[in-house]
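Novice: sequence? don't have it. structure:
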């Protein structure tokens, strides 16, 4: 069994709130520099820079999870990841069909560029990506599971856009693969404050919007090899795989 360092919540330049230096090429270079083995690309309600980051990551020996940080109609942020390009593209279609269309003329809410491996802009997304979807958290989970993806409510300890800040409770039968907490709290404090089961599974991520934030907090995966299935087993605590957070 090997231990791999992972930061599963990183925004590219596509997110309107991310720094313009957060290109796929720069993210991969910074992740390698900080000693990460696994990263997750989670732009707001879009997957359009994820596959390029995965391609560049493979060349650098980095496992890149492709997905998004989705805003449900309750304005709960959730991390979702998919193993294949087909699954990812099907999920992008779901986003396109359900996102609230708020125009973003001239980058009023922030520029949202899709880029190539040389950092050239190939598309500017014209609707505001931080807008909520018209579907709720249970439907999101259902769609993700239909596509055999991973479903992780994001930064549940934060005072905004977390499941507890928006709903006040953990929805019954949600059954996430894990829960994400930020660098500002500890696992035992979250369990106590929200009366969560002691066996709740947590990851900790940077939620990086700037290059310097990548890898500043991470999760260790104790797995046989770097693969999507091994990560799933670790999140679920199955077959002696496990996760550890600082």
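Specialist: Ah, there it is. What you are looking at is a predicted structure, and each value in this text was computed from that prediction instead of being measured.
Novice: Just confirm residue 100 contacts residue 132, I think it does.
Specialist: Yes. Residue 100 is in contact with residue 132 according to Cβ atoms under 8 Å; the separation is 5.7 Å. C-betas here are computed from N, CA, C, even on glycine.
Novice: neighbour count winner among these two?
Specialist: Shown here are residue 100 and residue 132; by other Cβ atoms under 10 Å, residue 132 has more neighbours (20 against 13).
Novice: Identify the spatial nearest neighbour of the more buried one, chain neighbours not counted.
Specialist: Leaving aside its sequence neighbours, residue 132 sits nearest to residue 71 (Cβ to Cβ, 6 or more residues apart in numbering; 4.6 Å).
Novice: and after the longest helix along the chain, which helix or strand comes next?
Specialist: Using DSSP state H to define each element, the chain has its longest helix at helix 85-98. For helix 85-98, the following helix or strand on the C-terminal side (DSSP states H and E) is strand 113-115.
Novice: So what's the residue count around the closest residue to residue 213 other than its chain neighbours?
Specialist: Once flanking residues are discounted, residue 213 sits nearest to residue 206: 5.0 Å by Cβ to Cβ, 6+ apart. Neighbours of residue 206 under the rule other Cβ under 10 Å: 23.
Novice: residues touching residue 206, list them.
Specialist: Neighbouring residues of residue 206 by Cβ atoms under 8 Å, 6 or more residues apart in numbering: 7, 9, 10, 183, 213, 214, 215, 216, 217, 218.
Novice: could you dump the residues you listed to TSV with neighbour count and secondary structure?
Specialist: Output for these, formatted as TSV (neighbours: other Cβ atoms under 10 Å; DSSP: H, G, I helix; E, B strand; the rest coil):
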residue	neighbour count	secondary structure
7	25	strand
9	27	strand
10	30	strand
183	16	coil
213	19	helix
214	24	coil
215	22	coil
216	14	coil
217	18	coil
218	25	coil
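Novice: Widest-spaced pair of these?
Specialist: The two members of these with the most space between them (Cβ to Cβ) are 10 and 183, at 13.8 Å.
Novice: for the helix or strand bottoming out on mean pLDDT in the chain, packing partners?
Specialist: Here the helix or strand of the chain ranked lowest by mean pLDDT, DSSP states H and E is helix 187-194, holding a mean of 92. If contacts are counted by 3 or more Cβ pairs under 8 Å, 6 or more residues apart in numbering; DSSP states H and E, helix 187-194 sits against strand 179-181.
Novice: again, only this time at 10 Å
Specialist: In terms of contacts (3 or more Cβ pairs under 10 Å, 6 or more residues apart in numbering; DSSP states H and E), helix 187-194 is packed against helix 163-167, strand 179-181, strand 202-204.
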